[in-house]
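K.L.:
Predicted model and sequence follow; I will ask about them next.
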2 protein chains.
Amino acid sequence: MVAENQWIKIKAPATVANMVCGFDILGFAVNNPYDEMGMRWMTRAQNEPSIVIINIDDYQLPTDPEKNVAGAALLAFLEEYEEKEKDNAVKIKLEVKINKLIKPGSGVGSSAASSAGAVVGANYLLGNVFSKDDLVRFAMNGEKLASGVKHADNIAPCIFGGVTLVRSIFPLEVVALPSPQLYVTIVHPQIEVRTSDARSILRQQVLLKDAIKQWGNIAGLVAGLMKSDYDLIGRSLEDVIIEPVRSILIPGFDDLKKVCKQAGALGGGISGSGPSIFMLSKTKEIAVAVEKEMNQLYDGIGLPHHTYVTTINQAGVEIIA
Amino acid sequence: MVAENQWIKIKAPATVANMVCGFDILGFAVNNPYDEMGMRWMTRAQNEPSIVIINIDDYQLPTDPEKNVAGAALLAFLEEYEEKEKDNAVKIKLEVKINKLIKPGSGVGSSAASSAGAVVGANYLLGNVFSKDDLVRFAMNGEKLASGVKHADNIAPCIFGGVTLVRSIFPLEVVALPSPQLYVTIVHPQIEVRTSDARSILRQQVLLKDAIKQWGNIAGLVAGLMKSDYDLIGRSLEDVIIEPVRSILIPGFDDLKKVCKQAGALGGGISGSGPSIFMLSKTKEIAVAVEKEMNQLYDGIGLPHHTYVTTINQAGVEIIA
């Protein structure tokens, strides 16, 4: 257990959910961008709130714990912590400073980074009493607040690092998938796609023949990652169910995918529910060439955007001080 | 190239398609039962048929090559062979003796064994001019004849051995999946389920939420096989889409599954389109205990049946003499 009042510093990575064909089950963490957070615990006096949130960025996110994703995750954490430690007289108050470097709404797991960072930090402060699976469970309450659905495809890679499979949500089962070195290029076009909108446009029924294609690709992607077979990874990065619907919300999507693959990318697609798009490449040179194509295309249509060239983050949320 | 008129002997294994959650994409070969075949090639005189089929079992399957699954596969084989060897003056005639030890209609890839055995045999006779992928492509013509659909989920494991993933049919891509030692118990209740009927009762649309569950399990099963994680394999052997519909055609299915799992099986389900049911186990002792449960249950309801306790066949079709 970290001493009372002592601040720790936390780094919570951005994450790419779905990984093209693996809607709601696959995701991976990246080394850039990431959120920075500070946390400490104190003994809670009577009538004091259990969670205090201080935003040190300019996004003006809510500080009421019940309306803040990190707060919602920490409330779930503390509820189970106090149940577990009910014979312990000390009541806990958690103070969290959040510096969001991952822009909210960008589609690279901004809310997941806050939720996951907060619960990993709290767990570290209080002596690592919970497992990673438990932490994913708590952090999903932040996702529920952000998108209306308890999904773990950003939370799981954010906490575990690497590529993760959420085999099942209830009961929760996260499977870490080994992967070869992969470079990731991300472009964030500055448009707004709300996760709830991106979910509501999906059809609730899919054709069995499309589902079969999709699960062939998912099985191929998992096998490709575990065999370090880059070509198989590339061929499997195809989504016949979600992308055809969601990509309509993202200007230039089809062209962008085409030029990136021509530049040598293995493949890629919408990151989470968008609007960010990611591409995987075998080498840094290709990943940089892909970034150039992305810049060129969005500069050409005058759409403001940010790009990142990074790698898969294997560590997940880290306590860095 | 094997000398003209010289007989070779072929062993073509039974296969289990779908592997519970992997409808139309996953399958594996088993060491028992298997078909025995003999084959030789001769120079074809004018007006002679290119393929002669001799059944040496009592199933009275058609011997007209166009109506026999091995014949349909060999016709596709020869067509491409003669195109490939068009400068070669020798015309080929293939003679095939088939001794079916895998009962037709049992749901363990009886037609696939004939088609796959025939094309692997022909390829061996003529100097292995085609790749395994090519052979799968030819053999699928037999499946088309048998069930109306060019599917490869029995053909692929029959030719490659082990556990296979058919990531894509057009273009064909078969991925060999490493797997740990697994024991297989199969029960064949003596009822008829026609593959075409088993296909026609399936709904053409599925709920997206069910598809997500299914692809979580498929990803889990592939990861479990490749990590040799028996528990993950067991948890992933769940089918929320096909089994609930098809199992209605198989008497006692739910009870059988329950007692087999209680006896220690990792899991299992319908083999292909049924009526056979398979169970996977970690040890031979459990596989035998599972067989006992199967016998007890079907003896109890007076349903004639056969059982097999076997292992995953890693070799696929073999030339044994």
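P.N.:
Sure thing, it's come through.
K.L.:
If you count neighbours, what's buried in the helix or strand that contains A:Asp299?
P.N.:
Per DSSP states H and E, A:Asp299 falls inside helix A:284-300. Within helix A:284-300, the residues that count as buried by 16 or more other CB atoms under 10 Å in any protein chain shown are A:Ile286, A:Ala287, A:Ala289, A:Val290, A:Glu291, A:Glu293, A:Met294, A:Leu297, A:Tyr298. C-beta: built from backbone N, CA, C; applies to glycine.
K.L.:
What of stretch A:26-35?
P.N.:
By 16+ other CB under 10 Å, the buried positions in stretch A:26-35 come out as A:Leu26, A:Gly27, A:Phe28, A:Ala29, A:Val30, A:Asn31, A:Pro33, A:Tyr34, A:Asp35.
K.L.:
The last one pairs with what?
P.N.:
With DSSP bridges as the criterion, the beta-bridge partners of A:Asp35 are A:Ala12.
K.L.:
Which element, helix or strand, includes the residue of the stretch 201-321 of chain A found nearest chain B?
P.N.:
Minimum separation of the stretch 201-321 of chain A from chain B (CB to the nearest CB) falls at A:Gly220, amounting to 3.9 Å. If you go by DSSP H and E, A:Gly220 is part of helix A:208-227.
K.L.:
State the distance from A:Gln46 to chain B.
P.N.:
Using CB to the nearest CB, to the nearest Å, A:Gln46 is found at 45 Å from chain B.
K.L.:
Check A:Lys93 too.
P.N.:
Remark: distance between A:Lys93 and chain B (CB to the nearest CB) = 38 Å.
K.L.:
A helix includes that residue, no?
P.N.:
No: A:Lys93: not assigned to a helix; according to DSSP: H, G, I helix; E, B strand; the rest coil it is strand.
K.L.:
Pretty sure it sits against A:Met42.
P.N.:
Yes: with contacts counted by CB atoms under 8 Å, A:Lys93 reaches A:Met42, the gap being 4.7 Å.
K.L.:
rewinding a little: let's have the buried residues of stretch A:26-35 in JSON lines, adding secondary structure.
P.N.:
Compiled in JSON lines, those are given as follows (three-state DSSP):
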{"residue": "A:Leu26", "secondary structure": "strand"}
{"residue": "A:Gly27", "secondary structure": "strand"}
{"residue": "A:Phe28", "secondary structure": "strand"}
{"residue": "A:Ala29", "secondary structure": "strand"}
{"residue": "A:Val30", "secondary structure": "strand"}
{"residue": "A:Asn31", "secondary structure": "strand"}
{"residue": "A:Pro33", "secondary structure": "strand"}
{"residue": "A:Tyr34", "secondary structure": "strand"}
{"residue": "A:Asp35", "secondary structure": "strand"}
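K.L.:
between those residues, which is nearest chain B?
P.N.:
Chain B lies nearest to A:Leu26 out of those, by CB to the nearest CB, at 7.1 Å.
K.L.:
How far does the helix holding A:Gly220 sit from its chain's centre?
P.N.:
Computed by CA atoms, centre = their mean, to the nearest Å, the separation of helix A:208-227 from the middle of its chain amounts to 21 Å.
K.L.:
Next secondary structure after it?
P.N.:
For helix A:208-227, the following helix or strand on the C-terminal side (DSSP H and E) is helix A:230-236.
K.L.:
what does that following helix contact?
P.N.:
Here helix A:230-236 makes contact (CB atoms under 8 Å, 6 or more residues apart in numbering or on different chains) with A:21, A:180, A:182, A:217-218, A:220-221, A:223-225, A:266-267, A:280, A:282, B:167-168, B:173, B:175.
K.L.:
Show me just the buried residues among the residues you listed.
P.N.:
Buried by 16+ other CB under 10 Å: A:21, A:182, A:217-218, A:220-221, A:223-225, A:266-267, A:280, A:282, B:167-168, B:173, B:175, out of those.
K.L.:
show me where chain A has helices.
P.N.:
Assigned by DSSP state H, chain A shows helices spanning A:69-84, A:110-125, A:132-147, A:155-160, A:195-200, A:208-227, A:230-236, A:243-246, A:253-262, A:284-300.
K.L.:
Between helix B:208-227 and the longest one, find me the angle.
P.N.:
Yep, that's helix A:208-227 we're talking about. 30 degrees (axes from the mean of the first three to the mean of the last three CA atoms, to 10 degrees).
K.L.:
do the second one as well
P.N.:
With the same axes, to 10 degrees as the basis, helix A:110-125 and helix B:208-227 are set at 50 degrees to each other.
K.L.:
tell me what helix A:110-125 is packed against?
P.N.:
Helix A:110-125 makes packing contacts with strand A:8-17, strand A:26-43, helix A:69-84, strand A:92-99, helix A:132-147, helix A:155-160, strand A:318-319 when contacts are defined by 3 or more CB pairs under 8 Å, 6 or more residues apart in numbering or on different chains; DSSP states H and E.
K.L.:
Alongside chain B, which residues does chain A contribute?
P.N.:
Within chain A, the positions near chain B by CB under 8 Å from any CB of the partner chain are A:22-26, A:165-168, A:173, A:175, A:177, A:202-209, A:211-220, A:222-223, A:226-227, A:232, A:235-236, A:241.
K.L.:
Would you show me how to pick out the buried ones of the residues you listed in ChimeraX?
P.N.:
Selection of buried members from the residues of chain A next to chain B for ChimeraX, criterion 16+ other CB under 10 Å:
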select /A:22,23,24,25,26,165,166,167,168,173,175,177,206,208,211,212,213,214,215,216,217,218,219,220,222,223,226,227,232,235,236,241
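K.L.:
For chain B, what is the nearest residue in the stretch 51-200 of chain A?
P.N.:
A:Arg167 (3.9 Å).
K.L.:
picking up where we left off before, return the list of helices and strands in contact with the helix holding A:Gly220.
P.N.:
Helices and strands touching helix A:208-227, by 3+ CB pairs under 8 Å, 6+ apart, are strand A:173-177, helix A:230-236, strand B:163-168, strand B:173-177, strand B:205-207, helix B:208-227.
K.L.:
wait, A:Ala211 sits on B:Ala211?
P.N.:
Yes: applying CB under 8 Å as the test, A:Ala211 and B:Ala211 come out as touching, 4.5 Å apart.
K.L.:
So which of the helices and strands packed on helix A:208-227 is nearest B:Leu101?
P.N.:
strand B:163-168 (21.9 Å; CB to CB).
K.L.:
partners of the closest one, with directions?
P.N.:
Going by DSSP bridges, the partners of strand B:163-168 are strand B:26-43 (antiparallel), strand B:173-177 (antiparallel).
K.L.:
Can you convert those into TSV and add a column each for mean pLDDT and distance to A:Lys150?
P.N.:
Output for the strands paired with strand B:163-168, formatted as TSV (pLDDT from 0 to 100; distance: least, CB to CB, whole Å):
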stretch	mean pLDDT	distance to A:Lys150
strand B:26-43	98	29
strand B:173-177	98	31
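K.L.:
Who are the contact partners of the residue lying closest to A:Gly127 once chain neighbours are set aside?
P.N.:
Nearest residue to A:Gly127 in three dimensions, chain neighbours excluded: A:Met1, at 4.0 Å (CB to CB, 6 or more residues apart in numbering or on different chains). Shown in contact with A:Met1 (CB under 8 Å, 6+ apart): A:Leu125, A:Leu126, A:Gly127.
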